[in-house]
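> Starting from these lines, generate the structure:
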Amino acid sequence: MKKTGSKSFEDFPSTTLYLNDLKDLINVLAENCEEVKIRTEGYDDISPDEIDELIENLNKEKFEDIFISAYRPYITVDLRSFGIRVYISEDNIVERGVVSKIREITHKNVSILARSRIYFP
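The predicted structure is shown next:
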């Protein structure tokens, strides 16, 4: 018999993220999880290696909603126009460490008046 861990989520304030921030966030997940997939703007099942291709195909300067799912351990990051939510499947040191790194990345550009947006120069 195995006891299930305690699930947890954390909400972060609205912020502006740039392409390098998004890539840093994805790298944190890729370094700690076995698989990472991204979904946005009518595209899903996007691998981290396909981010540049996605940006080129969409030909947009900003996105308001990007959803990132990582597996083993299961962690999701929802980058929304009204804020950011990170969900972890187990409240343990590894997953808490990932949340802490995500907090660092997302908080460096926080503005009181900003909405969450991801810009690609």
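> residue boundaries of the helices in the protein?
19-32, 51-58, 93-107 (DSSP state H).
> Pick the most buried one from the ones you listed.
Ranked by mean neighbour count under mean count of other CB atoms under 10 Å, the helices of the chain are led by helix 19-32, which reaches a mean of 18. Where C-beta positions appear, they are placed from N, C-alpha and C, glycine not excepted.
> Quick one: mean pLDDT over it.
Across helix 19-32, pLDDT averages out at 95.
> rewinding a little: can you put the helices of the chain in JSON lines and add distance to Arg39?
Output for the helices of the chain, formatted as JSON lines (distance: least, CB to CB, whole Å):
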{"stretch": "helix 19-32", "distance to Arg39": "13"}
{"stretch": "helix 51-58", "distance to Arg39": "10"}
{"stretch": "helix 93-107", "distance to Arg39": "17"}
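> Out of these, flag the one nearest Lys7.
Lys7 lies closest, by CB to CB, to one member of the helices of the chain: helix 93-107, at 9.9 Å.
> just checking, what packs against that closest one?
strand 8-12, helix 19-32, strand 75-80, strand 83-88 (3 or more CB pairs under 8 Å, 6 or more residues apart in numbering; DSSP states H and E).
> so can I have JSON lines of the ones you listed showing distance to Glu64?
Shown next, in JSON lines, are the helices and strands packed on helix 93-107 (distance: least, CB to CB, whole Å):
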{"stretch": "strand 8-12", "distance to Glu64": "15"}
{"stretch": "helix 19-32", "distance to Glu64": "13"}
{"stretch": "strand 75-80", "distance to Glu64": "7"}
{"stretch": "strand 83-88", "distance to Glu64": "11"}
